[in-house]
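1. generate coordinates for the sequence data below:
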Amino acid sequence: MKKFNLFKEIIIVAKDDFLRAANSAKRFAVRYDGKIVFEPFKPDLIAIYEGSIPPLSPLATNLSRPISEMLGKDYRIVEDDDRLLIKASGAWQSIIGYNQKRALYDDTSGDGIAEFSDKILEDMGWHATEFNVGYREIVEQFEEKCEGILLCIEQEEPYQFSGLGFVFDIESAREIGFDYCVASIKDKLENDDYFATLTDDEEEAALYFKIPL
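-> Got it, this is the predicted structure:
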């Protein structure tokens, strides 16, 4: 997965496309890669902005609105010939709201990852916890081996991280997650005395992962 850190990334948008969307009075989104799309939004959308830009009031003293102000105060927009350069880190809380329902996992709370939005992966993660295999461990496999985007803000000093994870191939993620859990659980069964005798829930989890006992 590619880490897309909004503290560092600049989103490049075609100026004409942006102005067409801004003047349409329709709800649109600016994707992380700079493409502009209109509603209805696809379930794999990763957006740095969603909304519509209301027309100026007939009573407004200015007949035009500066492009730099069109997305609101949390975005920094610089015009560069036929392009717009957008810095979106200041809008992170809004960006979480846009994307939370579409992300595979949410690592924005500071309390760690609690669930997967994909039901098959969530069942897998829930069973894996019986053997102390956590969501974070599984996610690290995704981030290392899957194609996808980790949309985030991250800085070193003082350390700060908040992110949403998206994988492009859910079937691949399921396979990677399953294989990792099986290998981890087998290792614990062979080497960890804590699992010498299994509870009913642990036996059920082993059965879920097709591990013979």
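
2. need the longest helix for the protein.
-> Determined from DSSP state H, the single longest helix within the chain is helix 170-191.

3. show residues contacting the following helix or strand past that one.
-> Following helix 170-191 in sequence order, the next helix or strand is helix 200-208 (DSSP states H and E). Residues from elsewhere that reach helix 200-208 (CB atoms under 8 Å, 6 or more residues apart in numbering): 123-124, 127-128, 130-131, 185, 189, 195, 198, 213. Where you see a C-beta, it was placed from the backbone N, CA and C, and this is true even at glycine.

4. apply 6 Å and report the result again.
-> If you take CB atoms under 6 Å, 6 or more residues apart in numbering as the criterion, helix 200-208 is touched by 127, 130, 213.

5. could you report the distance from the residue positioned nearest the centre of the chain to Val133?
-> Centroid check for the chain by CA atoms, centre = their mean gives Leu164 as the closest residue, at 2.8 Å. According to CB to CB, to the nearest Å, Leu164 stands 22 Å off from Val133.

6. just Lys42 next, same as before
-> Distance from Lys42 to Val133, by CB to CB: 32 Å.

7. neighbour count winner among the two?
-> Val133 (23 against 8; other CB atoms under 10 Å).

8. helix, strand or coil for the more buried one?
-> coil (DSSP: H, G, I helix; E, B strand; the rest coil).

9. where does this protein dip in pLDDT?
-> 57-63 (pLDDT under 70).

10. what does the helix or strand Gly163 falls within contact?
-> Using DSSP H and E, Gly163 sits within strand 160-167. Strand 160-167 has contacts (CB under 6 Å, 6+ apart) with 46, 99, 103-108, 142, 146, 148-154, 173.

11. any idea how far Thr108 is from Ala205?
-> 28 Å.

12. tell me who's in contact with Glu130.
-> Taking CB under 6 Å, 6+ apart as the test, what Glu130 contacts is 201-202, 205.

13. what number of residues lie near the closest residue to it other than its chain neighbours?
-> Spatial nearest neighbour of Glu130, chain neighbours left out: Ala205 (3.9 Å); criterion: CB to CB, 6 or more residues apart in numbering. Residues contacting Ala205 under the criterion other CB under 10 Å number 22.

14. ok, Ala205 to Arg136 distance?
-> From Ala205 to Arg136 the distance is 18 Å (CB to CB).

15. can you give me the helices in the protein?
-> Under DSSP H, the chain gives helices at 15-23, 92-99, 119-128, 135-145, 170-191, 200-208.

16. can you give me the buried ones in the shortest one?
-> Right, the one you point to is helix 92-99. Neighbour counts over helix 92-99 (16 or more other CB atoms under 10 Å) mark 92, 94-96, 98-99 as buried.

17. show me what it is packed against.
-> With contacts taken as 3 or more CB pairs under 6 Å, 6 or more residues apart in numbering; DSSP states H and E, helix 92-99 sits against strand 47-51.

18. the strand it packs on: partners in the sheet, and parallel or antiparallel?
-> Here strand 47-51 is paired, per DSSP bridges, with strand 28-31 (antiparallel).
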